[in-house]
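Student: predicted coordinates and the sequence they were generated for:
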Amino acid sequence: MTEVDLISHIERDYILNLAKKGEREDGRGFDEYRKLILQPGIIKKAEGSCLANLGETKVLAGIKVNKGEPFPDTPDQAVMTTNAELIPLASPLFESGPPKEDSIELARVVDRGIREAPALDMPSLVIKEGELVRVVFIDLHILDSDGNLFDASNRAAVTALRTTKIPVLDEEGNPTEDLMPLPMLKTPVSCTFAKIGENILVDPSQNEEKVLDARLTVTTEDNGYICAMQKGGDSQFTVDEITDCVKKSIKIGKEIRKTISDLIKKEGL
Amino acid sequence: MTEVDLISHIERDYILNLAKKGEREDGRGFDEYRKLILQPGIIKKAEGSCLANLGETKVLAGIKVNKGEPFPDTPDQAVMTTNAELIPLASPLFESGPPKEDSIELARVVDRGIREAPALDMPSLVIKEGELVRVVFIDLHILDSDGNLFDASNRAAVTALRTTKIPVLDEEGNPTEDLMPLPMLKTPVSCTFAKIGENILVDPSQNEEKVLDARLTVTTEDNGYICAMQKGGDSQFTVDEITDCVKKSIKIGKEIRKTISDLIKKEGL
Amino acid sequence: MTEVDLISHIERDYILNLAKKGEREDGRGFDEYRKLILQPGIIKKAEGSCLANLGETKVLAGIKVNKGEPFPDTPDQAVMTTNAELIPLASPLFESGPPKEDSIELARVVDRGIREAPALDMPSLVIKEGELVRVVFIDLHILDSDGNLFDASNRAAVTALRTTKIPVLDEEGNPTEDLMPLPMLKTPVSCTFAKIGENILVDPSQNEEKVLDARLTVTTEDNGYICAMQKGGDSQFTVDEITDCVKKSIKIGKEIRKTISDLIKKEGL
Amino acid sequence: MELIKDGIRIDGRKKDELRDIKIEVGVLKRADGSAYVEWGMNKVYVAVYGPRELFPRFLRRSDKAVLQCKYNMASFSVDDRKRPGPDRRSVEISKVTRGALEPVVLTENFPESVINVNIEVVQAEAGTRCAGITAASVALADAGIPMKDLVPSCAAGKVGSEIILDLCKEEDNFGESDLPIAMIPRTGGISLLQMDGLMTAEELEEALNLVKKGCKIIYEKQKEALRKRYKGDDHD
Amino acid sequence: MELIKDGIRIDGRKKDELRDIKIEVGVLKRADGSAYVEWGMNKVYVAVYGPRELFPRFLRRSDKAVLQCKYNMASFSVDDRKRPGPDRRSVEISKVTRGALEPVVLTENFPESVINVNIEVVQAEAGTRCAGITAASVALADAGIPMKDLVPSCAAGKVGSEIILDLCKEEDNFGESDLPIAMIPRTGGISLLQMDGLMTAEELEEALNLVKKGCKIIYEKQKEALRKRYKGDDHD
Amino acid sequence: MELIKDGIRIDGRKKDELRDIKIEVGVLKRADGSAYVEWGMNKVYVAVYGPRELFPRFLRRSDKAVLQCKYNMASFSVDDRKRPGPDRRSVEISKVTRGALEPVVLTENFPESVINVNIEVVQAEAGTRCAGITAASVALADAGIPMKDLVPSCAAGKVGSEIILDLCKEEDNFGESDLPIAMIPRTGGISLLQMDGLMTAEELEEALNLVKKGCKIIYEKQKEALRKRYKGDDHD
């Protein structure tokens, strides 16, 4: 481990020194996202799906919609569940640390953004109050992990939800042949920042994530409200840093939201 | 480990030599319990609760009462479940040995004392025979572990049960605003003995437990019947030792039972 | 581990050199099975059972038959489940490797032979289509493991099934006092081969299994059809080797089937 | 249900009478030592492995071998199929079984090692833990593990107002109390003791005396089974 | 439900008013450091163990101690009995708790080691993670672990159109948003920050200011609890 | 359902015709080697990591690398959502996949090491294990692991009385038998072979011949995909 720890210190120095000069390993500006490519609808077996490429990070979101019982304390709401599967595809087994913790945090942060916006009109997915509702499963598969799984997963999940088609039900609650989209109210978009030394970079790469001091994810919705935040990492943010990140998140959120909407319109989904 | 094993031998010699002189590390007599402090009702979210301090050992028992199905082979009996949670609060993670085994034994020994007395009038907690009964959960949380978890847990569980209040049900089985106590028939009290060399000490401390050769827990009920016994440890007891422990248990059981009853009466619970 | 690996190479050389001379450690011919002793009905608590001794390998199969729901996609079929329990009795705990994988493969290979033959008339065990069917549990306990668990388990399971007695149900689906055998259509028999160097031996012993290059199990049914195959091990078979093994399996299958039928007839089961 | 009438129990036995017990030694090839016990309807196999090096290392003891016991019931061993794998009951029985055997095994001869005792109940009908311990001490001897004594084990209990030996299923289910005991004949010591149900101190003394009698008979059967095995005296 | 009226909240508090908070230090014997917090209806114990050698070895860091945090809720701590053991929520809270405490613990003093912070919620009613962090930094100090500062923690939120401090249960369930924060008073830095629900950037600034005020009060209570413990000043 | 009529199958293919197969190499950045296969409706990713040091140590082999294979299906890959995580089927497929690949990997070059082959099925419709093995051997080559050959894999089966190549979903569900095979072209050896359903010895021979033909085509596609990757010949 000593060697591993040493290497991590060398990597950190390298990235930190770049940042002091206002530079990043891959040539991006501090506020610059990597290229986002979204491929909705690629899993035909799922009611909705999207492969999101954020730089080399690849997350595949699949949406399955079943019927089931509502939770006892919310009889008038559909059920939504978000799961991020740690698949060994994207992470060799030998790596240390408790990965379960990471995938749980990832799923919960993505989920909170969607739930709190709220993105989905949950009451409209109730079939019979207190008895039968739609159950929406959001499953995130990390295919390649080159940093910023939070934002890649957010884009994949939100685009998949917006392009999901479910069967219209007849009066007895049985599926008809007609399809309808999920009732989407909002498109929450997350923005993740890495603090390295005194510098704050958006959309951290895998190498930047390995050496970051602190992380901040801010999710905003269509009207510019913040709907979820999550600080990560072992260091601290100042209040000014936080408010600055929030402002940038609102701006970036708008751009990404437009990208997603344009794509969906263009592809007629 | 060699060092650990060596230390444990030194500790054993120390405690054993004290015992040969009729002494204990904390100055108690062989038949003397540490001070017992019971604080019933401290968890408002539970239908019943009690924090038991036995010397420095702290066990918090919580009682939750739900409704559910009876077991198929006892359609005319309520369901009672006892669980002892191994919480890292009371035991640093690095400690060796299979702790799950210990917490299962603890829960089962406490449970048996209560079940076999029987402390609870199980048939009277049936709502509809074969279909719906009260389900009584006894959850034991070990907050501090300075030896003799068996007896501390027994005191906590029994006092919590005796001060539990559950809603009276109306004719249709729905809860009313009226509360009633659990129907308690007996107050089983356990006594735990440690055999160290040829000496038998009651209420072993953490250090005494670490070096004991054999352990015996005898639970007795209000009429002086034994209702449960459990031998532990890696050595043996003579028949005389066992009958002697039983006699002491009956005597101590009476005293503790009085302590509990007096407390409940005094506090008007 | 180096020593362990070395020993395994020495063992391999020994068995390989014997095979080159046409010999086996225990004096058998390449196509010769060890002695098979079947003891059906020895577990009275089970609806069916059989202890199979194949040489020193001992597998105990128990059949329990309950009632339950059919799978949604096969409402007109009974449910059959095969489980092979890794019990430490037959394998000291310290042994390396993922044993769960082995017991799952064993259960699934035995299950496939029975299911695909098909041995059981699954539609005739439906009580009410789509709602209630018989659920047949085949539980395999490995008591002693001296090689070829596949075939020993197959013999135990098939003989147990053929001697299982279940209560006849009355019109309302309640059990009567009358018993009936399970409706058995076929008696699938598996044959397992080990490839060691260029040699192929039937019914490998524990030592032969430890050093084999590849393994092949072929299950055939009463009409000489193959109903299941499974290749194991880290090497390959030629097409000729496979077709040769299949022919031998058909022949051996007939013999074993006769042994089982004769035993059942003789014992009047 | 009347469990005892005129001193005769529901299965025809007298108060101090054991069920039929058969002990076989060396029944499994792969184990270092093994035994099989039939005891009434109970059928129990035991395999002993070791002493061997213990992994993971941090569990090792520098002053003695670690004795690991595992009690398991086959899913088909009881009337209603049991889910495979350990449950809370079997974890507890494994633990008290270790406590029953430890006093006689010379674990100090094998520091850093582990001795595994694996008990498999393939048919169960009251008294399996006692059958398991009885078989286990024989299997340990068969494995050549140095021991101070064998450990016979059986239960007593109270049915109606009578103290009886070796409870059968109905007596276990509907009787007043159950008291499984393991004894070390040479010292008269008790290394397994559990009890549930109601009993007075005097009844307990009576029960312990009764168990002592039963264990003496079982002890002879254990020794006889080992003699048979090692004298080649294999005819029944 | 009207959660706030004329600046008075449903439980009678003002917008910037904390619930009653009581902090005790050194409440557990076996732990190296411990603390107990009562905060409204919340009751939380924290035990700190370490620094000690970390096992398994591959988790060790050669440059610092590993801080392991575990947040757990007793099954009886909430209205509907919770199944014992960790769930996804508690795994996440354990993780962010570690992030809240790391900045102040001088982990670099103890390479190869582990420091365990175990948080046990025995009664829960909104704000348990903040109560846990508040208690944990005190328990770390009690364990003698060198630290740069204590870490007070509390939540702000939005109810109706008002920004309020330290949400009670109804405000948490029916309010617009919840913002749990941990602060490091000496630097003014924020080491825990989560948010769910809707809030504008301006409201966030207001909420952060309110939390700063709350944390200042909690910080004083933390220091006072430690002083009491170490000055023997034990009268209330 | 009539699965085959006048030699034409339900999806329009001839008896010896494969579904459309597309193989891509090097599709994942973080893995040491990777491949993606589309095969009919099947979509399968494979990542290879290693050779690397194996932990825990006791799993290491002093004479060769350990090949660890993991087959997994995404919960959304099938019509009815699958619970995430391994089930018995995927454990078995992982095991036979290792057996299919072992004969060609020069594991003896890397003692004490592990090579991980992770197969992720993101859309499934009959034949995923063959698609996985086909992709895995390409991904191993992409990782630069020395190999004796690639391992093409596909199934044959019986539908009505006909032996056909590469079963589609309906043929798998309603046909007589399914025979997934992996071949090592240079030796003609068979390294994966499973079968369920009914088939005579003669039909098996016919099926093996048919598979050989299919594997030859797949083998060419595998080599072409690798050539494309390493010659920069990246246009479709």
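Tutor: The structure has been received and is ready for your questions.
Student: helix/strand/coil for A:Asp111?
Tutor: What DSSP: H, G, I helix; E, B strand; the rest coil gives for A:Asp111 is helix.
Student: what about the closest residue in space to it that isn't next to it in sequence, neighbour count?
Tutor: The spatially closest residue to A:Asp111, leaving aside those adjacent along the chain, is A:Thr82, at 3.6 Å (CB to CB, 6 or more residues apart in numbering or on different chains). No exception for glycine: its C-beta is placed from N, CA and C like everyone else's. Other residues near A:Thr82 come to 22 when the count uses other CB atoms under 10 Å in any protein chain shown.
Student: next: A:Leu51.
Tutor: The burial count for A:Leu51: 23, using other CB under 10 Å.
Student: could you say which helix or strand contains it?
Tutor: strand A:48-54 (DSSP states H and E).
Student: who touches that strand?
Tutor: Strand A:48-54 is contacted by residues A:33-43, A:58-63, A:143, A:148, A:151-153, A:155-157, A:159-165, A:182, A:203, F:76 when judged by CB atoms under 8 Å, 6 or more residues apart in numbering or on different chains.
Student: what parts of chain D come near chain F?
Tutor: D:Phe55 (CB under 8 Å from any CB of the partner chain).
Student: quick one, longest helix in chain D?
Tutor: Determined from DSSP state H, the single longest helix within chain D is helix D:201-231.
Student: mind giving me the packing neighbours of that helix?
Tutor: Counting contacts by 3 or more CB pairs under 8 Å, 6 or more residues apart in numbering or on different chains; DSSP states H and E, helix D:201-231 is packed against helix B:239-267, strand D:21-25, helix D:128-142, strand D:153-159, strand D:162-165, strand D:177-184, strand D:189-199.
Student: what mean pLDDT does the first one have?
Tutor: Meaning helix B:239-267. When pLDDT is averaged along helix B:239-267, the result is 97.
Student: could you check the angle strand D:189-199 makes with that helix?
Tutor: Between helix B:239-267 and strand D:189-199, the angle formed by their directions is 40 degrees, by axes from the mean of the first three to the mean of the last three CA atoms, to 10 degrees.
Student: gap between helix B:239-267 and the chain center?
Tutor: Averaging C-alpha positions (CA atoms, centre = their mean, to the nearest Å) puts helix B:239-267 13 Å from its chain's average.
Student: so what pLDDT did the nearest residue to D:Asp20 once chain neighbours are set aside get?
Tutor: Among residues not flanking D:Asp20 along the chain, D:Gly40 sits closest, at 6.5 Å (CB to CB, 6+ apart). On pLDDT, D:Gly40 comes in at 97.
Student: ok, D:Gly40 touching D:Lys22?
Tutor: No. The pair D:Gly40 / D:Lys22 is not scored as a contact, 10.3 Å apart, by CB atoms under 8 Å.
Student: between these two, which has more neighbouring residues?
Tutor: D:Gly40 (20 against 12).
Student: quick check: that one vs chain B, distance?
Tutor: 21 Å (CB to the nearest CB, to the nearest Å).
Student: torsion angles phi and psi at that residue?
Tutor: Main-chain torsions, D:Gly40, degrees, to the nearest 10: phi 60, psi -130.
Student: ok, it - contacts?
Tutor: The contact partners of D:Gly40, by CB under 8 Å, 6+ apart, come to D:Arg19, D:Asp20, D:Glu125, D:Ala126, D:Gly127, D:Cys168.
Student: list only buried entries from those.
Tutor: For the contacts of D:Gly40, a neighbour count by 16 or more other CB atoms under 10 Å in any protein chain shown gives the buried set as D:Arg19, D:Glu125, D:Ala126, D:Gly127, D:Cys168.
Student: looking at these, which are in strands?
Tutor: Under the assignment DSSP state E, the buried ones among the contacts of D:Gly40 contribute nothing to strands.
Student: for those residues, which one is nearest E:Ile115?
Tutor: Proximity of those to E:Ile115 (CB to CB) peaks at D:Gly127, which lies at 49.5 Å.
Student: isn't the closest one right up against D:Leu165?
Tutor: No. Using CB under 8 Å, D:Gly127 is not in contact with D:Leu165, being 10.6 Å away.
Student: any shared contact partners between those two?
Tutor: Between them, D:Gly127 and D:Leu165 share these contacting residues under CB under 8 Å, 6+ apart: D:Cys154, D:Ala155.
Student: find the closest residue to chain A in chain D.
Tutor: D:Pro56 (17.6 Å; CB to the nearest CB).
Student: okay, now that residue: neighbour count?
Tutor: 11.
Student: need phi/psi at it.
Tutor: phi -70, psi 150.
Student: how close does it get to E:Arg57?
Tutor: 11 Å (CB to CB, to the nearest Å).
Student: D:Gly26 now?
Tutor: D:Gly26 is 42 Å from E:Arg57, by CB to CB.
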